[in-house]
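[1] got a predicted structure here, sequence first:
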Amino acid sequence: ASEARLYTFSPETLESLRKFRLGTSRASKPQAVIYMIDKETLEIKPKECKAEVFTSLREIPDGLPDHAPRFVLLSYPVTLNSGRQATPYVLLYYMPATANNELKMLYAGAKELMRNTAQVSKVLEVADEEDILRVEEILKE
């Protein structure tokens, strides 16, 4: 509960999280939005003023910094190994090995709050482009 007092979400961000979650449940293609923590205000918000929506796993790394963590909300339609269709809604916890310790702590402290606020079903930790491109395999399991 202490995270909720430390980190904040603007009403606009909360609304965009809700709309993204509801709007992606029947999506036919992947959708992802990158979120960051403002170091000054500790507000969790989209990377861009108007959240850019990525529509493929290949695009996501281009939107991520090399040396700073980020949260990536991902809705990804897949055909499960069992043959069923599913659209998992997950949080990619992007933590590059080169991130400094202050940022690592900042994002680690907010991870559960982001998970709960975004109402994702699963958190996947990713460190680089290869990890991101493997997400589809993980989601099919």
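    On my side now, so go ahead. Numbers count the residues shown, from 1 in each chain.
[2] for the residue sitting nearest the centre point of the chain, give me its contacts.
    Geometric centre of the chain, nearest residue: Val72, 1.9 Å, by CA atoms, centre = their mean. Each residue near Val72 by CB atoms under 8 Å, 6 or more residues apart in numbering is listed here: Ala32, Val33, Ile34, Tyr35, Ile60, Leu64, Leu91, Leu92, Tyr94, Val126. Glycine gets a C-beta too; all of them are placed from N, C-alpha and C.
[3] on the three-state scheme, it is what?
    strand (DSSP: H, G, I helix; E, B strand; the rest coil).
[4] bridged to it, which residues?
    Ile34, Leu92 (DSSP bridges).
[5] out of the helices and strands in the chain, which is least certain?
    Least confident helix or strand, the chain: helix 2-6 with a mean of 71, by mean pLDDT, DSSP states H and E.
[6] return the set of buried residues in the following helix or strand past that one.
    Proceeding N to C from helix 2-6, the next assigned helix or strand is helix 11-24, under DSSP states H and E. Across helix 11-24, burial judged by 16 or more other CB atoms under 10 Å covers Thr13, Ser16, Leu17, Phe20, Thr24.
[7] just checking: the least confident one among those residues is which?
    Lowest pLDDT within the buried residues of helix 11-24 is found at Thr24 (83).
[8] fine, thanks again, bye for now.
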